[in-house]
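Asker: Predicted model follows, preceded by the sequence.
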Amino acid sequence: MGPEASLDHDVYLRTAVSVERDGWANFDYVKMPDYRWGIFLEPAEPGGKINFGEHKGEPAWQEVPGEHRANLRRIIVTQGDTEPASVEQQRHLGQTCPSLYDLRNLFQVNVEEGRHLWAMVYLLHRYFGRDGREEADALLTRRSGDGDNPRILGAFNERTPDWLSFFMFTHFTDRDGKFQLCALAESGFAPLARTTRFMLTEEAHHMYVGESGVSRVIQRTCQVMSELGTDEPDAIRAAGAIDLETLQRYVNFHYSVTIDLFGGDQSSNAATFYTSGLKGRFGETRRADDHVLKDRAYPVLEVVEGRVVEHEAPMLNALNEVLRDDYIRDSVRGVGRWNKVIETAGGAFRLKLPHKGFNRRIGGLAGAPISPDGRVIPDEEWKANASRWLPTAADRAFVASLMGRVVEPGKFANWIAPPAAGINGQPPGFEYVRFN
Ligand SMILES: [Fe+2]
Ligand SMILES: [Fe+2]
């Protein structure tokens, strides 16, 4: 279920051979079927404790705590299910790569997501006995988009249609992965914490691929705008670049779909996972509070009489919202870096993340007609503007029309600028993939 038609390629991949400083980034040509799927755990912390919830201060679990077994298994299965899903969503993208450099990055992300699946399968086999093995088998047989046996979360059953979507996905949705992994890296179950900590070192590259990919698209668009002396979308498109308005619609779509992945804004499961010491908050041990959170409140949003209003919910129940807000703060910074690219090129346009309530399907704001600037609007206004706010069929067809296949070393598709630097000190024009 890896990338299509790629089994025989030699790919300049980073392979981890140990968690040590000199072990996790070995670069060489590898055929993807030969990529080494090791099991990597950060070194155990001697005397490590559970840092939150009702077991706070007790020694971290080295084996599965019997009373929390079902919840722990569910957390591991849910995380594990997302990892290969993105590979399955992206299988066909190699056929339309904008360069060898980008093709290599796609393959790198794909093999690492495969290994992340393997890391979760390992935990299920090693620590859960027979029911763990059954869950692991099910993980390995589900397929993104399969009518009978789909991946668990809806967003992971949509095909990633083109490279712009791939960059948006790795920027926004792999970042969701980062925050989920950070919460699991705090787990009182030590093998899960140690495994996810190592996964995070790889996850950083996935987000880099997304952020720098979108930056390069913006850079190319700005170059075309200044060459033509116009910011008219039709003129930009006629020149084979992607207008910033279209990019904004892709941002709106990927951001809103991704923040849904954090789940309902009030969730008794989230409270249970925290209180039982299985899943912490982002940066749990760096936070200055009691790490038990009883009697504390957190603001969540709802629509009351045609307006978005905040109300206080018990913090334990609002932990999905807490994690979502941490994610949002991180995402805002990424968009700021994209705007710097436009600013440096002298453009006036600024990309913006839409309001948290825009285009939501999950939680208290699900289905509410909320504009990108956060106003609850009449349904007619939503209908009249949806095509300005979200990618249309015509946008997607236009982006698809740009997707050729560029595989000559050092050549890049017309719609994207070359990167400032290559991988592992190699130049951008390095032969990152050999086709044999
Ligand atoms: Fe991953
Ligand atoms: Fe990832």
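Answerer: Everything's here; your move. Ligands and ions are numbered 1, 2, ... in the order given.

Asker: Now do the helices in the stretch 1-150 of the chain.
Answerer: Counting by DSSP state H, counting those that start in this stretch, one finds helices in the stretch 1-150 of the chain at the ranges 69-89, 100-141.

Asker: ok, is the first one in contact with ligand 2 or not?
Answerer: Translated: helix 69-89. No: Helix 69-89 stays clear of ligand 2 (C-beta under 5 Å from the ion), getting no nearer than 6.8 Å. Quick note: C-beta positions are derived from backbone N, CA and C, even for glycine.

Asker: Excluding chain neighbours, give the residue nearest to N26 in space.
Answerer: Nearest non-adjacent residue to N26, counting by C-beta to C-beta, 6 or more residues apart in numbering: T15, 5.0 Å away.

Asker: hang on, isn't that neighbour packed against K31?
Answerer: No: counting by C-beta atoms under 8 Å, T15 stays clear of K31, with 11.7 Å between them.

Asker: hmm, back to that, which pLDDT value goes with the residue nearest to N26?
Answerer: With respect to pLDDT, T15 scores 92.

Asker: Now do the same contact list for it.
Answerer: Residues near T15 by C-beta atoms under 8 Å, 6 or more residues apart in numbering: N26, F27, D28, V30, Y35, R36.

Asker: What separation do you get for it and V399?
Answerer: 32 Å (C-beta to C-beta, to the nearest Å).

Asker: next one: N51
Answerer: Distance from N51 to V399, by C-beta to C-beta: 45 Å.

Asker: Kindly report the same for F166.
Answerer: Taking C-beta to C-beta, one finds F166 at 11 Å from V399.

Asker: Mutual contacts of the two, please.
Answerer: Joint contacts of F166 and V399 (C-beta under 8 Å, 6+ apart) do not exist.

Asker: and these two? which has more neighbours close in?
Answerer: F166 (24 against 21; other C-beta atoms under 10 Å).

Asker: where's the more buried one, which helix or strand?
Answerer: helix 163-168 (DSSP states H and E).

Asker: got the angle for the helix or strand that that helix is followed by vs helix 100-141?
Answerer: Downstream of helix 163-168, the first helix or strand assigned by DSSP H and E is helix 174-184. Relative orientation of helix 174-184 versus helix 100-141 (axes from the mean of the first three to the mean of the last three C-alpha atoms, to 10 degrees): 50 degrees.

Asker: Name the next helix or strand downstream of helix 174-184, please.
Answerer: helix 190-228.

Asker: Is that next one positioned near ligand 2?
Answerer: Yes: applying C-beta under 5 Å from the ion, one finds helix 190-228 in contact with ligand 2 at E203, H206.

Asker: Tell me the secondary structure at the residue of the stretch 251-400 of the chain found nearest ligand 2.
Answerer: Closest approach between the stretch 251-400 of the chain and ligand 2, counting by C-beta to the ion: T258, at 12.5 Å. Here T258 is helix, with the state taken from DSSP: H, G, I helix; E, B strand; the rest coil.

Asker: State the pLDDT value of it.
Answerer: pLDDT, T258: 97.

Asker: how close does it sit to A5?
Answerer: Applying C-beta to C-beta to T258 and A5 gives a distance of 29 Å.

Asker: which of these two has more neighbours?
Answerer: T258 (22 against 11).

Asker: Without its sequence neighbours, what residue ends up closest to the more buried one?
Answerer: F172 (4.4 Å).

Asker: And the one you found, how close does it get to ligand 1?
Answerer: Using C-beta to the ion, to the nearest Å, one gets 14 Å for the distance from F172 to ligand 1.

Asker: And that residue, how far from R361?
Answerer: 15 Å.

Asker: more neighbours, those two?
Answerer: For F172 versus R361, the count of surrounding residues by other C-beta under 10 Å is larger for F172: 27 against 12.

Asker: who's in contact with the one residue sitting closest to the centre of the chain?
Answerer: Nearest to the mean C-alpha position of the chain, by C-alpha atoms, centre = their mean, lies D174 at 1.6 Å. By C-beta under 8 Å, 6+ apart, the residues touching D174 are S86, V109, E203, H206, M207, G210.

Asker: Return the closest of those with respect to ligand 1.
Answerer: Using C-beta to the ion, the contacts of D174 come closest to ligand 1 at E203, 5.6 Å.

Asker: Sweet, I'm off.
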